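Trainee: Give me a 3D structure for the following:
(2 chains)
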Amino acid sequence: MGNRHVCPVCTTEFDPSARAACSACPVGRGCHMICCPHCGHTTIDSSQSQLAGWVSTLFKDGTNVDDTMLRPIHNKRCLSQVGRGQRVCVLDLTRLPAVRRRFLHSFGVTPGATLVVRQQNPLTIFEIDHTELALERELAEAVVVGDVDYDEAVGS
Amino acid sequence: MTAMLDNMTQVAASHRLIALVGHANVGKSVLFHRLTGRYTPVANFPGTTVEVARGDLNGGLEATLLDTPGVVTFPATTEEEQVTARILLEGELDGVIQVGDAKNLRRTLLLCLSLIEMGIPLALALNMIDEAERSGIALAPAAIEEHLGIPVIPTAAVLGTGVDALRQVLGDGLIVSPLRMRYASAIELAADELEPLLPTSGLRHRALALLWLGRDPSIEAWLLDHVSQPNLDRMRAIRDRAEQTAFEPIEASIHRSRLSFIEALFPNPTEMPAAPPKRRLGPNEWTTHPILGLPLLAAVLFGLYYFVGVFGAGTVVDWLEGTVFGAWLNPLIIGFVERLIPVPWLADLLVGPYGLWTVGITYAVALILPIVTTFFLAFAVLEDSGYFPRLSVLTNRAFRSIGLNGRAVLPMILGLGCVTMATMSTRVLESRRDRLLVILLLALAIPCSAQLGIVMGMLASISLGATLLWGLVVLLVLVAVGWLAARLLPGEPTPLLVELPPLRRPQLSNVLIKTAARLEWYMREVIPLFLIGALVMFGLDRTGLLDWLIASGQPLVTGWLGLPSETSAALVMGFLRRDFGATGLFLMGTSGLLTANQTIVAMVTVTLFVPCVASVLVIARERGWRPALAITAVIFPLAFLIGGLLHRFFLLTGWTL
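Mentor: Predicted coordinates for the structure are as follows:
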């Protein structure tokens, strides 16, 4: 866990260590930046660049380095395992049948969306925006989610 | 906005055909009612069973408005969405009003972008603005209007807010948005290649290309008829190549791009407030709670049964059938016809034992009308309150054991009122397999209220044990047949995925208007079937086939079921009307012709027996003659098999009730 990231622009989930986008870049590898292999959005690798973190502290009211950093995924699990009242971020829906995936897409349930789980029994019920959706366990098991409140949870 | 829209296409105010398009439960029908001044009885869209309402705009605007079925998304996947897609594709529309839920802007704008892409003159009605404001959601319609390039009107259709502004927009003319979305390069390249190959339709070539790439079934079906084979082959090759090079499924990629666009323009458009929104009828969670929800579920089911089964099918039917028709109308009409028509067979055709009036009209009006009226009232209350999807959640597990999902609860409950109507309500189920399975179970093991009343009355006079034994046998057959049929029918069970609208206090006007519209539609569809049923029975009686059927059924009845020979007449009559069979048996029971064990065997057989002729006709109309005959062919021997086995069980064990 924690070695995969979500692009803040296109919400693609990818492994930064694979450096899939580096072959097309004139700078090449080892630049302390991470590029999304889907949309090319560049973000700072916070584990590599301490200087970027220091510079960001100079801009108290401006951009914080955290805003441009990739957020690591913590506690990746399926929707059926999420406790009542927890907020989670959708990571992957590709294990769902296409018809069900489209239905969820239409409610804005796409990778990157935030859900609040209301109930797990008899069905999984969650809220997105102001809409409640109920789905059976076998469908909830095919929806991969991760924590969104990680930073708050660890007190950072 | 005016400067930006100067060079846009303006559609003349005198346009002819405008469609209301939007998700389900966003208030399209209420807005339709506001704009046209009427709640039009639904008319079937050609080639499907899904209804599209049509009405003329009021307020001096010369245009016709279509109320399309609720869509979830394009590409179209459900029957309803495909109907709407076809209307957009070939309906020669002059414009579309998208009705969207203001509380869920993200979802509304996702659909809006699909419609903008289609190049149709468009306006967006942000409906339920009152509920959005109560939930603390701040919307900026002017900003949305500016970014999307179409008129955006906040409305609260239930209260009539914003309807005049919408009418004004319709008068000024709808607008084709100049917005052009950009997608992943693989999709853009493929769309550019596809556009010259596509035929002219109601949609932009680019929108057609995107829907083709997203494998929209209704677009595919339409293009198969409108594109030459070589071009189709090229289009398929382009799509295959795009799918191979795209990072993810094309339809998902298009969706993701649209969502990113919306979130960039309106970050957290309707961010959930920290505290849950205020509930007007108590916590929504209570209704779906696995334990607390059950007493409420039991109360709702009992209330529904009492209102439809006892009040509608009992009290009102008794009064209409016994007093209004039996004592007043029928003697009057029979006397009138016999005086006026000297030809006996013609008089019989109208007012004889199987006459069009005495059976067809009497049953349709005196028996079915009270049942459907009470049911539609109860249904409209449940629908308007938003409880129905919650009922599906609570009952889902029980229905999964027989290969269905919680959506089947409605037709099953309705079946206890009238199997004919319940068969029609199976349209709410998602797959053909589910619809067929529920129809089979309804026809087999769900006694209608008329029959149930007589069965319960007869068994209760024996003992509580007799009633329980009857219930147990019927329930076992229901579960066993459901379990077996679910495995034999092709296709997979459909896991439940359902939107739970917030609970609201039902509005009396909504309930009454919907009930009236549905009643008119139902009577138009069912009365002809009752007349045909009466005609068939008249023909059988006249040709002597009815007597022959009764005589030929006797060996089966006396030998296998161990019942008196008179029972066969009751069973044949049961096919005309379910409670006729039960009534015949009831009379035999009170005359002392049946023992307690024979009564149970007869009641089980008549409960499982093929439903009335109107039900069979409705099954045939809904699903075709082959399934109707197949269902009849399964039920007929099965009812006798179970009845006979029960008789043998009593003989072997020597158990006497």
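
Trainee: CA only for contacts and neighbour counts going forward, please
Mentor: Will do.

Trainee: and the nearest residue in space to residue B:560 that is not next to it in sequence, what helix or strand is that in?
Mentor: In space, residue B:560 comes closest to residue B:644 once its chain neighbours are excluded; the distance is 5.5 Å by Cα to Cα, 6 or more residues apart in numbering or on different chains. Element membership of residue B:644, judged by DSSP states H and E, is helix B:625-653.

Trainee: correct me, but the residue nearest to residue B:560 touches residue B:561?
Mentor: Yes. Assessed by Cα atoms under 8 Å, residue B:644 is found in contact with residue B:561 at 4.7 Å.

Trainee: Show the contacting residues for the residue nearest to residue B:560.
Mentor: Contact partners of residue B:644, counting by Cα atoms under 8 Å, 6 or more residues apart in numbering or on different chains, are B:560-562, B:601.

Trainee: which residues are in contact with both of residue B:644 and residue B:561?
Mentor: Common contact partners of residue B:644 and residue B:561 (Cα under 8 Å, 6+ apart): residue B:601.

Trainee: State the helix or strand in which the residue of the stretch 1-150 of chain B found nearest chain A lies.
Mentor: In the stretch 1-150 of chain B, the residue that lies nearest chain A is residue B:107 (5.1 Å; Cα to the nearest Cα). If you go by DSSP H and E, residue B:107 is part of helix B:105-117.

Trainee: buried sites along that helix?
Mentor: B:105-117 (16 or more other Cα atoms under 10 Å in any protein chain shown).

Trainee: Now do that helix: distance to the chain's middle.
Mentor: 26 Å (Cα atoms, centre = their mean, to the nearest Å).

Trainee: Check the burial of residue B:245 by counting its neighbours.
Mentor: Residue B:245 has 14 neighbouring residues, counting by other Cα atoms under 10 Å in any protein chain shown.

Trainee: got the contact list for it?
Mentor: residue B:186.

Trainee: re earlier: by contact count, what packs against the helix holding residue B:107?
Mentor: helix A:98-106, strand B:95-101, strand B:122-127, helix B:205-213, helix B:250-265 (3 or more Cα pairs under 8 Å, 6 or more residues apart in numbering or on different chains; DSSP states H and E).

Trainee: strands paired with the second one, and their directions?
Mentor: With DSSP bridges as the criterion, the sheet partners recorded for strand B:95-101 are strand B:17-22 (parallel), strand B:122-127 (parallel).

Trainee: For residue A:132, give the beta-bridge partners.
Mentor: Under the criterion used (DSSP bridges), residue A:132 bridges to residue A:127, residue B:500.

Trainee: so it makes contact with residue B:497?
Mentor: No. Judged on Cα under 8 Å, residue A:132 makes no contact with residue B:497 at a distance of 10.8 Å.

Trainee: Between these two, which has more neighbouring residues?
Mentor: Shown here are residue A:132 and residue B:497; by other Cα under 10 Å, residue B:497 has more neighbours (24 against 20).

Trainee: give the contact list for that one.
Mentor: Residue B:497 touches A:100, A:133-136, counting by Cα under 8 Å, 6+ apart.

Trainee: which of these lies closest to residue B:198?
Mentor: residue A:100 (28.8 Å; Cα to Cα).

Trainee: Now do the contacts for that closest one.
Mentor: Counted by Cα under 8 Å, 6+ apart, residue A:100 has contacts residue B:497.

Trainee: Can you give me the buried ones in stretch B:179-188?
Mentor: Buried residues in stretch B:179-188 (16+ other Cα under 10 Å): B:183-184, B:186-188.

Trainee: and chain A, which residues reach chain B?
Mentor: A:9-10, A:38, A:99-100, A:102-103, A:105-108, A:110, A:118-119, A:121-123, A:128-136, A:138-139 (Cα under 8 Å from any Cα of the partner chain).

Trainee: Separate out the buried members of these.
Mentor: Buried among the residues of chain A next to chain B by 16+ other Cα under 10 Å: A:9-10, A:38, A:100, A:102-103, A:105-108, A:110, A:118-119, A:121-123, A:128-136, A:139.

Trainee: and chain B, what are its domains?
Mentor: If you go by automatic domain parsing, the domain ranges for chain B are B:2-172, B:185-265, B:287-533, B:535-653.

Trainee: quick one, which of the ones you listed is nearest to residue A:42?
Mentor: It is, among the domains of chain B and with distance given as Cα to Cα, domain B:185-265, at 16.4 Å.

Trainee: Contact partners for the residue nearest to residue B:258 when sequence neighbours are not counted?
Mentor: Closest residue to residue B:258 apart from its sequence neighbours, by Cα to Cα, 6+ apart: residue B:110 at 6.5 Å. Applying Cα under 8 Å, 6+ apart to residue B:110 gives the contacts A:106, A:108, B:255, B:258-259, B:262.

Trainee: Quick check, pLDDT for residue B:110.
Mentor: Per-residue pLDDT puts residue B:110 at 89.

Trainee: now the residue nearest to residue B:161 when sequence neighbours are not counted: how far from residue B:365?
Mentor: Counting by Cα to Cα, 6+ apart, the nearest residue to residue B:161 once its immediate chain neighbours are dropped is residue B:155, at 5.3 Å. Separation of residue B:155 from residue B:365 (Cα to Cα, to the nearest Å): 40 Å.

Trainee: quick one, which of these two is more surrounded?
Mentor: A direct count of neighbours by other Cα under 10 Å for residue B:155 and residue B:365 places residue B:155 higher, at 27 against 17.

Trainee: Can you tell me how far the more buried one is from chain A?
Mentor: 18 Å (Cα to the nearest Cα, to the nearest Å).

Trainee: can you check residue B:413 too?
Mentor: 20 Å.

Trainee: Tell me the helices and strands packed up against the strand or helix carrying residue B:412.
Mentor: In this structure, residue B:412 sits in helix B:409-415 according to DSSP H and E. Counting contacts by 3+ Cα pairs under 8 Å, 6+ apart, helix B:409-415 packs against helix B:388-400, helix B:419-425, helix B:432-445.
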